[in-house]
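> got a structure for you, letters missing:
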Ligand SMILES: [Mn+2]
């Protein structure tokens, strides 16, 4: 492994990478005080100094990510915790709300083998600073208690005004993954991630960007090239090919039976879910169907209606779309090509829930301009004769 360790002196190749995906020159002049979210920022070293100052005399840091965290959230939380512990000597508590359901994400947690706390069990004394990762204050998808200030915000979703209250706010929507921001910090500090952390960060970036194909910037590519030689390929394989509980196949089955399309838009009513992020899994699954441009998968978990959106259109604004449709009925947000939402449906009867779901799907279709297209089942199991022909040559073996 020693061949992969970079020299500890001499010109630092990382510095030229700056903040990654932006072409702008770093602005070294704004190193003090709260940082301007969304603006091209100072270089990584200056950012780190500002982060340290922001923590002041905090005795411990709670690193908190969004509820029902995905790989980017989990790995970024672990990475920032590692950084704060190693570089600043601060004790850290890693935490999230909700549950990790998806088998791959559970396998990722197993491989990381780090203690994550349940956000609902935490206390927030004044000697503790909170760092939010892959989410922002009042985004509606995290368990930051109302009234609790986040000292640090590190995220790559669209900037929220509430983040400016953080002493260190670092939001870079141009990044494809939060994990790439963490990797830049580690590299600037010459902090070698251990094998488990490198594996988690690598998997996070691949998962978040669909193997560097979805919203991946130069930062994601640079981080991946840095991480892969430090990662454990067998562990990545164990994560990627994690064994899946039968309940997931039930949701896949429900989705296959009920999915319908209007033009290139596919709506997937997934019924009751065993855990919330099955909707994201279904959206990913149905995105692979020929001709599909948008997938909207939705299902119910406990009191929540969970929605996941995916598109292949790089010019799309999936996050804006889902906020527009959901409005004040729930919390929603996301990026250009992936987004999600949660609506509280605890008080709705089964029928009312079905009516709401149906109207949401139709509103999405309206916004996407396909309401005039015929609504057809995605998989027509009763018309085998009308199945698409096999690709040329496929039956000539
Ligand atoms: Mn993310």
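Sure thing, it's come through. Small disclaimer: the values here were computed from a predicted structure and weren't measured.
> Outline the domain layout of the protein.
Domain assignment for the chain by automatic domain parsing gives 2-240, 246-377.
> hey, least reliable of the ones you listed by pLDDT?
When those are compared by mean pLDDT, domain 2-240 comes last with a mean of 86.
> Which one, of the domains of the chain, ends up nearest to the ion?
Minimum separation from the ion across those (Cβ to the ion) falls at domain 2-240, 3.5 Å. All C-beta atoms are positioned from the backbone trio N, CA, C, and that covers glycine.
> and that closest one with the ion, contact?
Yes. Domain 2-240 reaches the ion (Cβ under 5 Å from the ion) through 72, 134, 178.
> Centre of the chain to that domain, how far?
Domain 2-240 sits 12 Å away from the centroid of its parent chain (Cα atoms, centre = their mean, to the nearest Å).
> Can you check my assumption that residue 138 lies in a strand?
No. Judged by DSSP: H, G, I helix; E, B strand; the rest coil, residue 138 forms no part of a strand; its state is coil.
> quick revisit: please check the residues of domain 2-240 next to the ion and keep the buried ones.
Buried by 16 or more other Cβ atoms under 10 Å: 72, 134, 178, out of these.
> these two touch, right, the second one and residue 68?
No. Judged on Cβ atoms under 8 Å, residue 134 makes no contact with residue 68 at a distance of 11.8 Å.
> In contact with residue 201, which residues?
Listed by Cβ atoms under 8 Å, 6 or more residues apart in numbering, the contact partners of residue 201 are 75, 76, 78, 79, 179, 182, 183, 193, 223, 227.
> what ranges do the helices span in the stretch 151-300 of the chain?
178-188, 195-208, 218-227, 233-240, 246-258, 278-286 (DSSP state H, counting those that start in this stretch).
> can you tell me the distance between the two ends of stretch 257-269?
End-to-end distance for stretch 257-269: 9 Å, by Cα to Cα, to the nearest Å.
> Would you map the strands across the chain?
With strands called from DSSP state E, the chain shows them at 60-65, 92-96, 116-118, 128-133, 152-155, 168-171, 260-262, 265-272, 294-301, 304-311, 330-334, 338-344, 375-377.
> Run a quick neighbour tally on residue 170.
Neighbour count of residue 170, defined by other Cβ atoms under 10 Å: 23.
> Look up how far residue 48 lies from the nearest residue to residue 86 once chain neighbours are set aside.
Distance criterion Cβ to Cβ, 6 or more residues apart in numbering; nearest residue to residue 86, sequence neighbours excluded, is residue 191 at 5.5 Å. The gap separating residue 191 from residue 48 is 10 Å, by Cβ to Cβ, to the nearest Å.
> and what of residue 56?
15 Å.
> Of the two, which one has the most company?
Per other Cβ under 10 Å, whichever of residue 56 and residue 48 has more neighbours is residue 48, with 19 against 9.
> List the residues that contact the more buried one.
So residue 48 contacts 87, 185, 188, 189 (Cβ under 8 Å, 6+ apart).
> Quick check: the two most widely separated of these?
87 and 188 (9.9 Å; Cβ to Cβ).
> higher neighbour count, these two?
In this view residue 87 and residue 188 are compared by other Cβ under 10 Å, and residue 188 has more residues nearby, 20 against 17.
> wait, doesn't the more buried one sit right on residue 44?
Yes. Using Cβ under 8 Å, residue 188 is in contact with residue 44, at 3.9 Å.
> residue contacts, residue 142?
Contacts for residue 142 (Cβ under 8 Å, 6+ apart) come out as 64, 65, 66, 67, 97, 119, 132, 135.
> can you rerun that using 6 Å?
If you count contacts by Cβ atoms under 6 Å, 6 or more residues apart in numbering, residue 142 has them with 66, 67, 135.
> can you pull the buried residues of stretch 249-260?
250, 251, 252, 254, 255, 256, 259, 260.
> If anything else comes up later, I'll come back, but that's it for now.
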